[in-house]
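>>> return a 3D structure for these sequence lines:
(2 chains)
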Protein chains: 2
Amino acid sequence: MQYQFADRVARAPKSFLEELFRVSSDSSIISFAGGLPSADLIDTEGIARAAREVFEEEPKIALQYTTTDGYLPLREYIADRYRRRLGIPATAEEIQIVNGSQQCLDLFAKLFLNAGDHVGMERPGYLGAIEAFSLYEPVIDTVPLEEDGPDTKAFRDLVTSRRPKFFYGIPNSQNPSGRTYSQEKRKAIAEILSGSDTVFYEDDAFGELFFDAKPRLPVKRYAPDQCVISGSFSKTVAPGMRIGWMFAPAEVLKQFNVVKQAADLHSNFLCQKILYRYLATHDLDAHIRTVVAVYGRKCRLMCELFDDLMPQLAHTSPEGGMFLLATLPPGLSSRAVFDRGVKDKVAVLPGLPFYVDGGGTDTIRLNFSSASEEQITEGMHRLARVVASFR
Amino acid sequence: MQYQFADRVARAPKSFLEELFRVSSDSSIISFAGGLPSADLIDTEGIARAAREVFEEEPKIALQYTTTDGYLPLREYIADRYRRRLGIPATAEEIQIVNGSQQCLDLFAKLFLNAGDHVGMERPGYLGAIEAFSLYEPVIDTVPLEEDGPDTKAFRDLVTSRRPKFFYGIPNSQNPSGRTYSQEKRKAIAEILSGSDTVFYEDDAFGELFFDAKPRLPVKRYAPDQCVISGSFSKTVAPGMRIGWMFAPAEVLKQFNVVKQAADLHSNFLCQKILYRYLATHDLDAHIRTVVAVYGRKCRLMCELFDDLMPQLAHTSPEGGMFLLATLPPGLSSRAVFDRGVKDKVAVLPGLPFYVDGGGTDTIRLNFSSASEEQITEGMHRLARVVASFR
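Prediction:
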């Protein structure tokens, strides 16, 4: 029969995922194309111990249904961390647990976007956000992302002329660029937003992963009612548990909660319990210091290899996160580098899916968290040969 | 500031949830209002052992990101179960793991419904489906649910005149009524659908919970390409892991998978691993026989107490599942019974949220799986006093 899918499906951007699967299933390929944290840095023993304790002490509760908002002690832990790390007076009532912070993208778009509404984001912007938002059929307007954050003039023009429902950005170690907003830009953004109806959506997947282990103040610090922050334990503890959160004003969260309930009742409770037990019995800050020390070394190694082996490629110099962005020499296409790279056993992600306007033909994103230092060295040599082959 | 929520939020039905939370947090109230499986029947030891084994053998994999479609051995287990139990030639390629089968409602509506599209369901119909579908702003058309399934003439009229994108039904132990479609009705439905563009969405949350432990053949058996089935481990193993699935033709599932990826990347992998390990090392059928023996006793007890204590209330006589529906005498309002019941420490769910047209003022839904037999006896006596107080 002929299935009558909704219009939104036909309008959705084609995912790059299938090609990435093909790449990641071939173990002879060194992949910088994905977005995995380092599996070696997951504290499997600590999490296993936490799981044992949950199963010993309250398995019936952990395996039963729970409320949509999430496990209260976990929400209190998250709120407390905002208070201690960033000096933001967060409360558990402003925290909603979700099935990984990708779910915030879906639910937030569902909560705010009518078809045809304007939504703003950075150019380039996170492909997972483009995919999530597109299914609600908005007009996506972009603001160029400079070294220190969005182009302020373009941002102001967007807010005043298009009046987007919200602007989605990643101020800390942006995906795909690896760039971090300066504090001046954060303040400027908060000032531009003031008095407008536009919400600022700070995706903070990477805020805990600065190589210097120091926090940057979010835009929300300067405009508390106008900003929401999504966070995730996927990069700091483990992705497989799928625990993220939305931190938003209670008035927003109340409606967000209705949408979450309709979407999947609640996030998995067993993992919420295990995660909370882990956090309550381990020093997360010490664990994160270990992670960022390793990621910092890997990032510097990748940058140095770019400079040594491919000086004709400009690249960003991340202060944290898991990604950097490189710009190819004129005439060299990111798609061609991807295709040739797969043949020569090194995978990078073409910039294409990070643009809603056909950009990205000359940029590639590289992940430095997942591969080992040996793999980074070998992979970058392979990439240099791929790039050289196009001369 | 004034938050500019999407129109869909204002149009969503008001949830009954907050009042239910209030009820469930008061331990002096005997609640038949919720939808919990019996916590005493969750095999906590078996699941704990499975978790230990996963943490011993492959913790790094279980805690890392995975693919959107879900853990292949778990999908193969589910497909194999369709083949063995129901003789349906299912394959893993037709199975997508989701975050509880509620997520199927959301993603399927997202995949099929433009605003203003028609979607059909039973009257009364599952409130979680009404909540999920409503956010995509369809027109919801209903077909009266008779003792043995939907009114065939009304179903035919709906399919031919409104041409709904899909019809959502629960053929096995329907929620809220506890009714089960006859095989004749299932065949009739398949015949009516044949040649139309309407998909039949079989929510099969309760198909494993027949008190006689025997399977009923799904509508999909008679119209494989035209039907999808959603399933869940929440009622047979444990709800807190939030593992359900969609079983659909590969052509549908491919697009469903795109929508799932945008929604939350993938369902929690740790729980998928634990669940699969549990299923691979335990006899699920034997466990289910224990569960349905208990639920059957509880259901019969509740029915007998209705007949003995409240003969003026008609009620359904479920063959399985977790719910029955009772009809109040003329003039008695379900809302009044709820309010007075909470005061007198017994909670039932008014039929109201199961109707999209203001019905349900004279029906109440009762859950018989969660309370103990002692609680059922005491609670039904309390309910009888509540009902008598309105004379």
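
>>> and what about the closest residue to A:Tyr71 other than its chain neighbours, helix, strand or coil?
Spatial nearest neighbour of A:Tyr71, excluding adjacent residues (C-beta to C-beta, 6 or more residues apart in numbering or on different chains): A:Gln272 at 4.2 Å. Every residue, glycine included, has its C-beta placed from N, CA and C. Applying DSSP: H, G, I helix; E, B strand; the rest coil to A:Gln272 yields a three-state assignment of helix.

>>> for A:Gln272, what are its contacts?
A:Thr66, A:Gly70, A:Tyr71, A:Leu74, A:Ile97, A:Ile243 (C-beta atoms under 8 Å, 6 or more residues apart in numbering or on different chains).

>>> just read off the phi/psi values of the closest residue to the last one other than its chain neighbours.
In other words, A:Ile243. Distances taken as C-beta to C-beta, 6+ apart put A:Phe233 closest to A:Ile243, at 4.8 Å, once the chain neighbours are dropped. The phi and psi values for A:Phe233, taken as degrees, to the nearest 10, are phi -100, psi 0.

>>> tell me how many other residues crowd A:Phe233.
Using other C-beta atoms under 10 Å in any protein chain shown, A:Phe233 is surrounded by 23 other residues.

>>> swap in A:Thr44?
With other C-beta under 10 Å as criterion, A:Thr44 counts 19.

>>> scan the contacts of A:Gln272 and report the most crowded one.
A:Ile243 (29 neighbours).

>>> so what's that one up against?
A:Ile243 makes contacts with A:74, A:97-100, A:232-234, A:237, A:267, A:271-272, A:275, as judged by C-beta under 8 Å, 6+ apart.

>>> measure it to A:Ser177 for me?
26 Å (C-beta to C-beta, to the nearest Å).

>>> for chain A, what helix or strand is lowest in average pLDDT?
When the helices and strands of chain A are compared on mean pLDDT, DSSP states H and E, helix A:17-24 comes out lowest with a mean of 75.

>>> ok, and what's touching the next helix or strand after that helix?
Downstream of helix A:17-24, the next assigned helix or strand under DSSP states H and E is strand A:30-31. If you take C-beta under 8 Å, 6+ apart as the criterion, strand A:30-31 is touched by A:Val23, A:Ser24, A:Lys345, A:Val346, A:Ala347, A:Asn367, A:Ser370, A:Ala371, A:Gln375, A:Glu378, A:Gly379, A:Arg382.

>>> again with stretch A:295-309
A:38, A:209, A:211, A:313, A:315, A:317-318, A:320-322, A:324, A:326, A:366, A:368-369, A:371, A:373, A:376-377, A:380-381, A:383-384.

>>> change it to 6 Å
Outside of stretch A:295-309, the residues within contact range by C-beta atoms under 6 Å, 6 or more residues apart in numbering or on different chains are A:Phe211, A:Leu313, A:His315, A:Ser317, A:Pro318, A:Phe368, A:Ser369, A:Glu373, A:Ile376, A:Met380, A:Ala384.

>>> any chance of CSV for those residues, columns neighbour count?
Formatted as CSV, the contacts of stretch A:295-309 follow (neighbours: other C-beta atoms under 10 Å in any protein chain shown):
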residue, neighbour count
A:Phe211, 20
A:Leu313, 18
A:His315, 19
A:Ser317, 12
A:Pro318, 27
A:Phe368, 25
A:Ser369, 22
A:Glu373, 13
A:Ile376, 21
A:Met380, 23
A:Ala384, 17
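
>>> and of those residues, the nearest to B:Ala129?
A:Ser369 (40.4 Å; C-beta to C-beta).

>>> quick check: closest non-adjacent residue to that closest one.
Nearest non-adjacent residue to A:Ser369 (C-beta to C-beta, 6+ apart): A:Met322, at 4.1 Å.

>>> for the residue nearest the centre of chain A, what are its contacts?
Centroid-nearest residue in chain A, with C-alpha atoms, centre = their mean: A:Ala205, separated by 4.6 Å. A:Ala205 sits next to A:Ser101, A:Ser232, A:Lys235 when contact means C-beta under 6 Å, 6+ apart.

>>> drop anything exposed from the residues you listed.
Using 16 or more other C-beta atoms under 10 Å in any protein chain shown as the burial test, those include A:Ser101, A:Ser232, A:Lys235 as buried.
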